[in-house]
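Colleague: Give me the fold of what follows.
(one chain, ligands or ions: 1)
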Amino acid sequence: MIPILQLENIKKNRRAEESTPLFAGVNAEVAEPDSIALLGVSGQGKSTLLRIMSLLDAPDGGEIRLHNKPQAEMDPRIWRMNVCYVAQQAVMLPGTIDDNIKTASLLHGKPFDREHAERLRERLGLGGLDPAKKASELSGGEKQRVSLLRSLMLRPQVLLLDEVTASLDQASKQKVEDVLLERHREEGTTLIWVTHDLEQALQVSRTVWFMAEGTLLEKGGTESFFQHPATDAGLKYIRASGSGE
Ligand SMILES: Nc1ncnc2c1ncn2[C@@H]1O[C@H](COP(=O)(O)OP(=O)(O)OP(=O)(O)O)[C@@H](O)[C@H]1O
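Modeller: Residues are numbered from 1 along each chain as shown. Below is the predicted model:
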């Protein structure tokens with residue numbers, strides 16, 4: 001079977017002239033639809049890796065492939081429609097909530113499916129908001145869900161989720177997790193979650209990618225990572241968060 005996504009020997013240098021790269025030798029493969037928690041202490045480059053996967057940043061070495069096709073050989077617009085990045089700090093397009101939802105679809109050449117948008121608005125707890133409200137006036141948590149909704153409208157194969165529930169209350173967080181996991185189950189969307197919430201990682205992911213020591217140090221089943229991490233760095237990380245058994 002052709003893998004969905006492959007990362008081959010990805011390297012990213014630091015901005016400053018320092019000898020060690022931010023990360024190097026990052027190898028990973030998504031062989032079938034998966035829900036992956038990308039974990040690691042602050043500053044390892046988790047967001048940077050997501051941004052590289054979504055072409056918002058360029059690697060300094062290595063290759064990413066989607067269905068075995070190297071990124072360099074693909075139209076970036078097609079790539080971004082299939083591999084969507086949902087940022088931690090949601091950026092709103094000018095105009096209303098409705099404009100935001102429609103524009104993103106139209107920009108990507110997808111017809112606007114109002115019924116789909118309405119369903120998602122309800123499911124994400126945005127049903128009570130007037131769609132004609134200015135997006136710039138929304139709260140941080142509302143913006144985050146509108147931004148997620150925009151991405152979900154594109155029905156991407158891979159969703160890169162950069163701490164997407166960080167500014168949400170418990171009820172909204174649950175809604176977002178439910179919608180995303182349903183997408184994963186029903187449409188085979190691969191989810192890659194960057195999160196510092198290890199309870200969340202345990203609940204939503206089947207696989208863990210653990211970044212430490214300037215690389216993707218561990219890859220494996222979520223339970224196995226939390227119960228028997230393969231490296232000292234993994235053990236230390238779990239102990240520090242108090243999530244181990
Ligand atoms: N494009 C870039 N090129 C080089 N270095 C970068 C780039 N973007 C971010 N950095 C630096 O790399 C480091 C890691 O940033 P990044 O946000 O990717 O880490 P992270 O693991 O997601 O951290 P956190 O968990 O705190 O969000 C930071 O010191 C940041 O300043």
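Colleague: Need the CA coordinates for stretch 66-73. PDB is fine.
Modeller: Output of stretch 66-73 as PDB, limited to C-alpha atoms (Å, rounded to 0.1, in the frame of the first residue of the first chain):
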ATOM      1  CA  LEU A  66       2.300  12.600  -0.200                       C
ATOM      2  CA  HIS A  67       1.100   9.300  -1.600                       C
ATOM      3  CA  ASN A  68       4.700   8.700  -2.700                       C
ATOM      4  CA  LYS A  69       4.900  12.000  -4.600                       C
ATOM      5  CA  PRO A  70       7.700  14.300  -3.600                       C
ATOM      6  CA  GLN A  71       6.500  17.700  -2.400                       C
ATOM      7  CA  ALA A  72       8.800  19.400  -4.900                       C
ATOM      8  CA  GLU A  73       6.900  17.800  -7.800                       C
END
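Colleague: Pull out the buried positions in that stretch.
Modeller: 66, 71 (16 or more other Cβ atoms under 10 Å). For glycine as for every other residue, the C-beta is placed from the backbone atoms N, C-alpha and C.
Colleague: Might you quantify the distance of it from its chain's geometric centre?
Modeller: 19 Å (Cα atoms, centre = their mean, to the nearest Å).
Colleague: How about stretch 112-131?
Modeller: For stretch 112-131, the distance to the chain centre is 21 Å (Cα atoms, centre = their mean).
Colleague: who touches it?
Modeller: 96-98, 101-102, 105-106, 138, 142, 145-146, 148-149, 152-153, 171-172, 175-176, 178-179 (Cβ atoms under 8 Å, 6 or more residues apart in numbering).
Colleague: Near the ligand, which residues of the protein are found?
Modeller: Contact residues, the chain versus the ligand (Cβ under 6 Å from any ligand atom): 12, 14-15, 22, 40, 42-48, 57.
Colleague: Help me confirm that L160 is found in a helix?
Modeller: No - assessed with DSSP: H, G, I helix; E, B strand; the rest coil, L160 is strand; it does not lie in a helix.
Colleague: if we can go back for a sec, just the buried residues of the residues of the chain next to the ligand.
Modeller: Buried among the residues of the chain next to the ligand by 16+ other Cβ under 10 Å: 12, 22, 40, 44-48.
Colleague: and the residues of the chain next to the ligand, which of them are in strands?
Modeller: K12 (DSSP state E).
Colleague: Could I get the full set of strands for this protein?
Modeller: So, for the chain - with DSSP E - the strands run 5-12, 23-30, 35-39, 61-66, 69-70, 83-86, 158-162, 190-194, 207-212, 215-221.
Colleague: Would you mind giving those as JSON lines with mean pLDDT added?
Modeller: Listed next are these as JSON lines, based on pLDDT from 0 to 100:
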{"stretch": "strand 5-12", "mean pLDDT": "97"}
{"stretch": "strand 23-30", "mean pLDDT": "97"}
{"stretch": "strand 35-39", "mean pLDDT": "98"}
{"stretch": "strand 61-66", "mean pLDDT": "97"}
{"stretch": "strand 69-70", "mean pLDDT": "95"}
{"stretch": "strand 83-86", "mean pLDDT": "95"}
{"stretch": "strand 158-162", "mean pLDDT": "98"}
{"stretch": "strand 190-194", "mean pLDDT": "98"}
{"stretch": "strand 207-212", "mean pLDDT": "98"}
{"stretch": "strand 215-221", "mean pLDDT": "97"}
